[in-house]
Each structure stands twice: as C-alpha cells, then as structure tokens.
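Novice: Based on what follows, work out the 3D shape:
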Amino acid sequence: MRHIRGLPADPVLRALAVAGVLMVPWFLLGPGGALSSWLVQAGIDVFTVTLAARLYRMPGIGRHARHFWGAVTVAMGCSTVADTYQTILVATGRPAGDVSPVQTAFVVGGMVIVVITMLFHPLGGAGRQRLRLWLDAATVLTAVAAFLWYFLVAGQVADRLPAAATAAVMLLVTFGLIKLIFSDSAPFHRTAGFVGTLGVTGTAIGAPIAALLTGHAESRLIYLFQLIPCLLVPVSLRMQEVLNRRHAGRRVTPAGQGFSRLPYAAVAGTQVLLVAALATFDPDMRIWGVAAGVLVSTALVLARQQAAFHDNERLVTEISASREWFSALVQQASDLTVVVNEDDTIQYVSPAAERVLGAQAGAVAATALATRVHPDDRPILDALTESLTDGTAEADLRVTHEDGTHRWLHVIATDLRGNPSVRGVVWNGRDITDARHLQDELRHQATHDALTGLANRVLLQERVRETPPDRQICMLLIDLDGFKQVNDSHGHHAGDEVLVTVARRVTALLGRAGTVARLGGDEFAVLLPAADPTRAQMLADLIAAAVAEPIQLNDTAVTVGASVGVACGTPADADRLLRDADEAMYRAKQSRRAPA
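Specialist: Next comes the predicted model:
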C-alpha cells in the first residue's frame, strides 16, 4: 500500500485541509484568541475520537491493530475531556496559559495508554533487521529530544510542569510511532504514520518554537503552532481509514521495505540546530571552523550513505526480481527438485512434490532419501550415488507416493557438495509413470500371448539367453490332441476356453520352476532352466495327465489329450532342442494313436 493517489479527493480530508487554511487568517488577522483556540482544540479532539473509533471497529484488521486503535480512541477521549475542561476554565476567566493539572493529567494518562500499547505491539523481523529498527528509531528519537530540549529551554517554559510533562509523554509517543513505522507490522500505513508522528511531535514543540520566533509566550502565532499539528492527527486517521477501505484484505505495511532516510534527516536537523545554538553564544572563528568541519563531514558521510543506500536498494530490487523469477519457475515446474545432504537427509524439496508425490514439501524435507525409494530400487540408488564421481548420473527409480503407490521417476543426480551455496547432491526427477506403464504394456504385448497371458516365442528365446551358458536346460513341447474336434463341434470360443484352461493347468504344475509359452495354435512349450531329463520326463507325464482331465464348457464337458516331447541340452543348443522336442512330441503322438 505504497500509493496514496486520490486521497485529496476524500471529502473529509478536503474539509480538514480547508479548516487548516481558514485557521491562519482567523488567528493571525481575525478575532481568534485564547478561548477560540481551546474551543477549536476541543472540537478537533471530538472529531479525532470519532475517526479513531471508526478504525477500531473496521472489519478485517488484526488483533494487535485493533488493540492499537482502541488505545488511540481511549487516549483521544481523555484529551477531549482534558481540553473541554480547560476550555470551560478559560471561558470562566482563567488565563489561557495557566494549564490546569486536571487537563495535564488526562492528556498524560491517555498518552501513557498509547505508549504501553505500542510497547507490546509485535515489531516483526529478527536479528540484524530488528537491531536496525531500534537504531533508526533511537536516532530519530534523539533528534526529537534535542529539539524539545532546545526549544523548551529557549522558550523559557521548562519551569512549567504541565508543559514539561506533556512534552515528555509526547516524546514517548513519538518514539513508539517511529519504532512502529520502521517495523514490518505497523498497524497503519507508513505515510499516515508519518503524518501522525509529525502531528504528535508538533503538539509538543509547537508552542516553544512559536515563543522562540516571536520572543514571548502570548502571541497569536502560538495558537496556530498548537492547532495545526493537532489537526494533522485526524488527517492521519482519516488517511488510514481511506487506505484501509481501498486495500481491504492486504497487509498494511509491506514486508521487506526499503531503507529509511528519516534517521539521516534527523542527524542533519540536529546539525542545523547545533549551528543555531552556537549563534546565540557569539563563538570565535575557531569554534565556527570546527562547527563548519563537523557540518561538512556529516554532510559528506550522509551523502555517501545515501549513495550506498541507493546502490543497495537497486541491488536488492534486482535480487528480489531474480528471486521472484526463479521462484515462479520453480513453483510452476513439473519436474521435482530435491537437495540431499551428506547424511542422505533431504534438505530442500521443490513445490512439485505435491503434484508428483502428493506430499507437501515440508513433509518430505528432513527425511532420508532412501526411505522414499522402492525397496527393490535401493541398490540402483546406491549405485547411482557411488557413480557421482563423474559429476552427474541418471537412472529410473520408483518413489513412494503419499497414497502408498509408487511413481516412476527418471532422475538425474548432480554432485554439488563442493559448492558452498548448495553443499549437497541435487536430484532432478521427471515423472515417467505413464510412459513407463505404456512401455511395460507394449513390452508385455510383444512378449506374451494375448489369449492365455503366457509367454510367447520371443520371451521364451529371451529366457533361454538369460540362462547361464554352463547350465543344462530341458525343453518340453506340448501339442493338444482332439483340439480341432472341439473347435469344429463347439466353436472357436469353446476352443479359446480350452486353451486358457490348459495354460492355467500347466502353469499351476510348473509354478516358478520354469517358463510356459504358447507358440501358436494348440502348441505350447515349457522351459526348465535347471532340470535333468528324468525330472523333465516326470513333469511331461504330469502335464499330459492334467490336460486329459475333462474341461467344463458351460453345460457340457470336453476332453483333450496332450502329446509331450522332451529334449535336454545347453542354452547354446536351444534351436536344436526345440526341434528334438518337436520330434519327440510327434513320436509320443504316434504312439498314442498306435493300436494297443
């Protein structure tokens, strides 16, 4: 809420501006005097209470902001009572400059409430940022204290207890407002805060400054110097209300605000005050020379500091823009980025974790990377980590999703443990689950029989190649007897049911001891990667017996037989083994057809 364009269009602010302009001729040239001054003061107080109460009741403000505006409402209510009481005293003949202790007590009491509320208001920030806040506030406060001290003494009013008490409490309020202005959690817009601070400070030092300029404490100028700062307080409250309504739901003070020039303006002001004070003592040339040196040195330091601030703000702006650009890219990136420490603990996870793994980035961070990887893929993860000596490595891994399933990720690991800005291994992972499933489905279709789900000739040959060359294998070739008659009598659908049933029976007999494949039609093959001829022949007999069991087809049962040929040898002789098994199968078929 940095922009305040359009505020002069507000009718209340325009009315306050007109009132401030009209007060000048009224008190300098017109009939304005002590009584009208106190009447106007009381009227300003009533209007200020109304504006403060509206801010207190405004919806959408935070708890601490509501406490602050409640305290301001109470304080301005106390000021209304105090100034109304003093107005009555002046109207009944009491000298205008003789401030009642009752008036002072109410004003001081109300301001103390505001000070206490501001002391408990959270400041935001931490570390050096908070230290800078306190140093900036203390610098400005010191300058304000110097002006108060100088003008109270110069105005010959330091011996008046009410004025001193009011000035002191106003000084505390100024300090609290400045502290909030510099913080990240002020309950008001910065511009409105500056206007309000100027009004509070002017209320404390207005009369002494007027007395210094006029040479006595009972001039018409004093009325203006007292009332104009008081008028700035309702102006600041109305500005805050307009800005609150215009920017409803947004932060009052933006975080990460730039460097403030106010402390340096305060330093410059105290230097000018020093020169003004020296002029009253008629110093010699040596003193003026030292004063000039101090002024010039201070001016040069301030100019250098302002140049440094300008460069810093430009650099911060560029860094913030780059950070926002990078953050936008990371927020929208579909790839997952993970940074892992030396101890395999995840120290950073990009927002893509929610899209890829269904988990918040904070829930994934601080966990071990290995716990997120499928147990069967952890050896791949270990091998990938060990191969990072070349800088980068990549592999496909299954990572646990929040719903218990696993997602396939193609990961690229980059070793940045030597980079002091990272100090870890950066893993970039792309979700390839759908592609992997499609790949697996295509591979399954290319290596399996569509009807029975058994391996086909391609996968059978692949399993033979995977068998160690020095290991004996046995090949069984199975051909169904009577299958054509089933097709002719009951149709191809019944034939398909027979093939599926035979596949299920042979697979149940074999278990995990080998591979069952359908070579085509009613021809099956069985690969036994570690079997001797005797065991293979026993399995062939069991298969023939299992296939010969009746097969139920809806309301009828059919029976087919199986001729099984067996051949054993090495994987290098796989083609020959298939031929030998085929010959053995035909011999078995012929023997089944031969008359007993």
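Novice: C-alpha from now on. contacts and neighbour counts both.
Specialist: OK.
Novice: Scan the chain for its longest helix.
Specialist: Counting by DSSP state H, the longest helix found in the chain is helix 285-332.
Novice: Run through the neighbouring helices and strands of that one.
Specialist: Contact partners of helix 285-332 among helices and strands, from 3 or more C-alpha pairs under 8 Å, 6 or more residues apart in numbering; DSSP states H and E: helix 262-279, helix 352-357.
Novice: Tell me if I am right that Ala413 is in a strand.
Specialist: Yes. Per DSSP: H, G, I helix; E, B strand; the rest coil, Ala413 lies within a strand segment.
Novice: Beta-bridge partners for it, please?
Specialist: Ala393, Trp427 (DSSP bridges).
Novice: roughly how far apart are it and Arg378?
Specialist: Ala413 is 15 Å from Arg378, where distance means C-alpha to C-alpha, to the nearest Å.
Novice: quick one, which of the two is more surrounded?
Specialist: When Ala413 is set against Arg378 and neighbours are counted by other C-alpha atoms under 10 Å, the residue ahead is Ala413, at 22 against 17.
Novice: In contact with that one, which residues?
Specialist: Under the criterion of C-alpha atoms under 8 Å, 6 or more residues apart in numbering, the contact list for Ala413 reads Leu384, Thr385, Leu388, Thr392, Ala393, Glu394, Val425, Val426, Trp427, Asn428.
Novice: Backbone dihedrals for Arg398, please?
Specialist: When read as degrees, to the nearest 10, the backbone of Arg398 gives phi -100, psi 130.
Novice: How many residues are close by it?
Specialist: When counting by other C-alpha under 10 Å, one arrives at 21 neighbours for Arg398.
Novice: Contacts only, for it.
Specialist: By C-alpha under 8 Å, 6+ apart, the contact set of Arg398 is Val373, His374, Asp377, His406, Arg407, Trp408, Leu409.
Novice: The last one touches Leu397, doesn't it?
Specialist: The reference is to Leu409. Yes. Distance between Leu409 and Leu397: 5.4 Å, which falls inside the contact criterion (C-alpha atoms under 8 Å).
Novice: Identify the contacts common to these two.
Specialist: Common neighbours of Leu409 and Leu397 are not found (criterion: C-alpha under 8 Å, 6+ apart).
Novice: okay, the helices and strands packed on helix 285-332 in JSON lines with distance to Leu231, mean neighbour count and mean pLDDT next?
Specialist: Below are those laid out as JSON lines (distance: least, C-alpha to C-alpha, whole Å; neighbours: other C-alpha atoms under 10 Å; pLDDT from 0 to 100):
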{"stretch": "helix 262-279", "distance to Leu231": "22", "mean neighbour count": "16", "mean pLDDT": "71"}
{"stretch": "helix 352-357", "distance to Leu231": "54", "mean neighbour count": "20", "mean pLDDT": "76"}
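Novice: Output those helices in TSV, with distance to Pro469 appended to each entry.
Specialist: Output for those, formatted as TSV (distance: least, C-alpha to C-alpha, whole Å):
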stretch	distance to Pro469
helix 262-279	86
helix 352-357	43
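Novice: neighbour-wise, which of the contacts of Arg398 leads?
Specialist: With neighbours set by other C-alpha under 10 Å, the maximum within the contacts of Arg398 is found at Trp408, which has 23 neighbours.
Novice: Quick one: classify that one as helix, strand or coil.
Specialist: strand.
Novice: Tell me if I'm right that it and Gln439 touch.
Specialist: No. In this structure Trp408 lies outside contact range of Gln439 using C-alpha under 8 Å: 11.9 Å.
Novice: Now the phi/psi pair for Thr400, please.
Specialist: Thr400 has phi and psi values of phi -70, psi 130 when expressed as degrees, to the nearest 10.
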